[in-house]
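Coordinates only, no sequence provided:
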Ligand code: SF4
């Protein structure tokens, strides 16, 4: 696997994390911002464009293209929102970045704001008191050092960051929902267009960038976009963080070059996954898909992962132990997702619940062959009629489990759990059909 040392988003094991402003500056922190404010915003944006950086929040949109939409707006008032809310609460990504490198996040936000012409930003995270205290201290240090405020590094650049916390479950991390939360409105996803880049916070052009995306900006501006592109793939440059869940309660955060295979990321977490200890790997978090061991050579890049049926999503790789029944696993996923749907769209609100109920019947030994047809139909209805990415991706656990682990479903329909682990949870079937 290529060396990741050149572009490290995390501190090396055993190395003290540069949490304070002094420690961060001793490691070369704020050099990029000092340099950027002597350039035009367009020049900074060009460097980000050269770097081929793609958003790490899940969709993989080219960062420079999204920034350009706001930069080109004629509106004088523009906003930046750093999304550090891990939608899947099992993810270690945002909280580790903020706990280890809060000043790299502040610098990344300042660089993005400078490039798009914004002077106000929000740093939005989950309601984690300890983390909020670390970030509050870092923000105060940056203000005291003249890195936030007026006349940053002797330039005319003015920039401030407001810390915002929310605890709104899975949907709290969704782009349009978090803007609603910041506006003080109900936490419901919004119809797009208009996109936040035209009509966001305070109804002004707003860019929402994931914290992992922004923390790359100091590296790109300080070392150049061309150097950044040397890691990763032709489509996606740089490194990517993944939370590896070992299936036994252990969680490890790893940093690998974009395009490293699933097996390489698991090895980076110290796991040798094979037929003797695992059935598959769920990729992308609660809405991700489950892939069989035969797919461990899939490169961890947006397109190949999606071609396999999963998503980069929340950046979680979850090893499913050998005794996992995929019917039970899928049912648990859909039960969780049914609770998390914001309920605005009928296909998502009703469909995900119906899928969970149908899976409960199959798990309980009261399923019928027609239930598989029903699940297949719902796996189209739900994404086709959903307003936001939640509904689009919510069916992935079912679609991939039925595709790669069809034997588990057939075994249950024939009255036996393939791993002997499932217990009945329903006494009757859902008889609903074509409800949408
Ligand atoms: S798809 Fe689901 S989560 Fe998204 S807006 Fe519709 S009901 Fe809400």
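Thanks, I have the structure now. Given the structure is predicted, the values throughout are model-derived calculations rather than measurements. Numbering: from 1, shown residues only.

Are we agreed that residue 81 is in a strand?
Yes. The assignment for residue 81 is a strand, going by DSSP: H, G, I helix; E, B strand; the rest coil.

Tell me what it is bridged to.
Under the criterion DSSP bridges, residue 81 forms beta bridges with residue 122, residue 208.

State the number of residues packed around residue 130.
The number of residues packed near residue 130 is 8, by other Cβ atoms under 10 Å. Where you see a C-beta, it was placed from the backbone N, CA and C, and this is true even at glycine.

same check, this time on residue 42
Residues lying near residue 42 (other Cβ under 10 Å) number 10.

residues from this structure in reach of the ligand?
Within reach of the ligand by Cβ under 6 Å from any ligand atom, the chain has these residues: 171, 189, 341-345, 348-349, 386-388, 390-391.

Of those, keep whichever come out buried.
Among the residues of the chain next to the ligand, those that count as buried by neighbour count (16 or more other Cβ atoms under 10 Å) are 171, 189, 341-342, 344-345, 348-349, 386-388, 390-391.

In helices, which of those fall?
348, 349, 390, 391 (DSSP state H).

Report the two members of the residues you listed separated by the largest distance.
349 and 390 (10.7 Å; Cβ to Cβ).

which residues in the stretch 251-400 of the chain form strands?
251-257, 278-283, 289-292, 316-321 (DSSP state E, counting those that start in this stretch).

Do a quick rundown of the helices in the stretch 51-200 of the chain.
Per DSSP state H, counting those that start in this stretch, the stretch 51-200 of the chain carries helices over the ranges 63-71, 93-100, 102-116, 129-144, 175-182.

among the ones you listed, which is the most enclosed?
Burial of those is given as mean neighbour count (mean count of other Cβ atoms under 10 Å); helix 102-116 ranks first at a mean of 27.

Next, the angle helix 63-71 makes with that one.
Interaxial angle, helix 102-116 versus helix 63-71 (axes from the mean of the first three to the mean of the last three Cα atoms, to 10 degrees): 60 degrees.

what mean pLDDT does helix 102-116 have?
On average, the pLDDT along helix 102-116 is 98.

likewise stretch 82-96?
On average, stretch 82-96 scores 96.

Once you drop chain neighbours, what's closest to the spatially most central residue of the chain?
Geometric centre of the chain, nearest residue: residue 314, 3.3 Å, by Cα atoms, centre = their mean. Closest residue to residue 314 apart from its sequence neighbours, by Cβ to Cβ, 6 or more residues apart in numbering: residue 285 at 3.0 Å.

Burial check on the one you found, number of neighbours?
Counted with other Cβ under 10 Å, residue 285 comes out at 26.

Distance to residue 235 for the helices of the stretch 51-200 of the chain - can I get that in JSON lines?
Shown next, in JSON lines, are the helices of the stretch 51-200 of the chain (distance: least, Cβ to Cβ, whole Å):
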{"stretch": "helix 63-71", "distance to residue 235": "13"}
{"stretch": "helix 93-100", "distance to residue 235": "21"}
{"stretch": "helix 102-116", "distance to residue 235": "22"}
{"stretch": "helix 129-144", "distance to residue 235": "32"}
{"stretch": "helix 175-182", "distance to residue 235": "22"}
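
picking up where we left off before, mind putting the strands of the stretch 251-400 of the chain into CSV with mean neighbour count and mean pLDDT?
As requested, the strands of the stretch 251-400 of the chain are arranged in CSV below (neighbours: other Cβ atoms under 10 Å; pLDDT from 0 to 100):
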stretch, mean neighbour count, mean pLDDT
strand 251-257, 20, 96
strand 278-283, 26, 98
strand 289-292, 24, 98
strand 316-321, 22, 98
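
Could you dump these into CSV with distance to residue 151 added?
CSV is the format used below for the strands of the stretch 251-400 of the chain (distance: least, Cβ to Cβ, whole Å):
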stretch, distance to residue 151
strand 251-257, 35
strand 278-283, 46
strand 289-292, 50
strand 316-321, 42
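
among the ones you listed, which is nearest residue 43?
strand 251-257 (27.0 Å).

Give me the neighbour count for the residue lying closest to residue 252 once chain neighbours are set aside.
If the residues on either side of it in the chain are set aside, residue 252 comes closest to residue 269, at 4.1 Å by Cβ to Cβ, 6+ apart. Using other Cβ under 10 Å, residue 269 is surrounded by 20 other residues.

For whichever residue of the stretch 151-300 of the chain sits closest to the ligand, give me phi and psi.
The nearest approach of the stretch 151-300 of the chain to the ligand comes at residue 189, 3.6 Å away (Cβ to the nearest ligand atom). Backbone torsions of residue 189, given as degrees, to the nearest 10, read phi -60, psi 150.

Likewise for the one 3 residues further on?
Main-chain torsions, residue 192, degrees, to the nearest 10: phi -130, psi 140.
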